[in-house]
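*Asks:* Whatever this is, show me its structure:
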Amino acid sequence: MNPLSLVKANTPETLQEIFPLVVDIYPNLSQQDFISRATKRTDYVAMRLFKVMDKSALVGAVSFARFHNMIHGDVLYLEEIVVKPELRNKGYGRMIFDLVAQIAKSEACSVIYTDDSSPLGDRSGFFARLGGQKVSNLYEFKVAA
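*Replies:* You can find the predicted model right below:
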C-alpha cells in the first residue's frame, strides 16, 4: 500500500508550501512568478499540480496533464516529479510515479509520457528503472487495462 497522498496545490498557500522544492530545480524563478505561472497553467492548460504528503509531512510535488492524441487516445503527460533533497534516493520518486500511474489508469489513459530532461540532470536511468521505453526524447509507459 502506497503511504503517500496527493493534495491539490491550487491555492497561494499550497503553492508557497511547495515553492522551496521548485526553486531547487529552477533557481531563477521568484515565488511570485511561480505562483502566477502555476495558477495560469492550471487554469488554461489543465495542468494539475499536487504536493505529495507522507502523513502530515511534505515529501515532494508532482505535475501532470491529461490530453488526447491521435495515436494513443487519452494520454497523461508527466511534467515533473520533485522530491525534497534530503529524501531523494529513498523510493519516494517511485511511489509518486505509482500514484500518477494509478490516476492514469483510473482516467482510462493508455500511455504516460514524460521526458528525461530536468534542471536536476538526466533522469533517463530513473525512468528506465520504472519500466519506461525511450521514444525519441520521451519515455512512454503503457498503462495496464
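*Asks:* what pLDDT, on average, does stretch 93-101 get?
*Replies:* The average pLDDT for stretch 93-101 rounds to 95.
*Asks:* Residue 37 should be in a strand, yeah?
*Replies:* No: using DSSP: H, G, I helix; E, B strand; the rest coil, the assignment for residue 37 is helix, not a strand.
*Asks:* What degree of burial does it show, as a neighbour count?
*Replies:* The tally of other residues near residue 37 (other C-beta atoms under 10 Å) stands at 14. Using the backbone N, CA and C atoms, a C-beta is placed for each residue, glycine as well.
*Asks:* Which residues are in contact with it?
*Replies:* For residue 37, the contact set (C-beta atoms under 8 Å, 6 or more residues apart in numbering) is empty.
*Asks:* Please apply the same query to residue 131.
*Replies:* Going by C-beta under 8 Å, 6+ apart, the list of residues near residue 131 reads residue 141.
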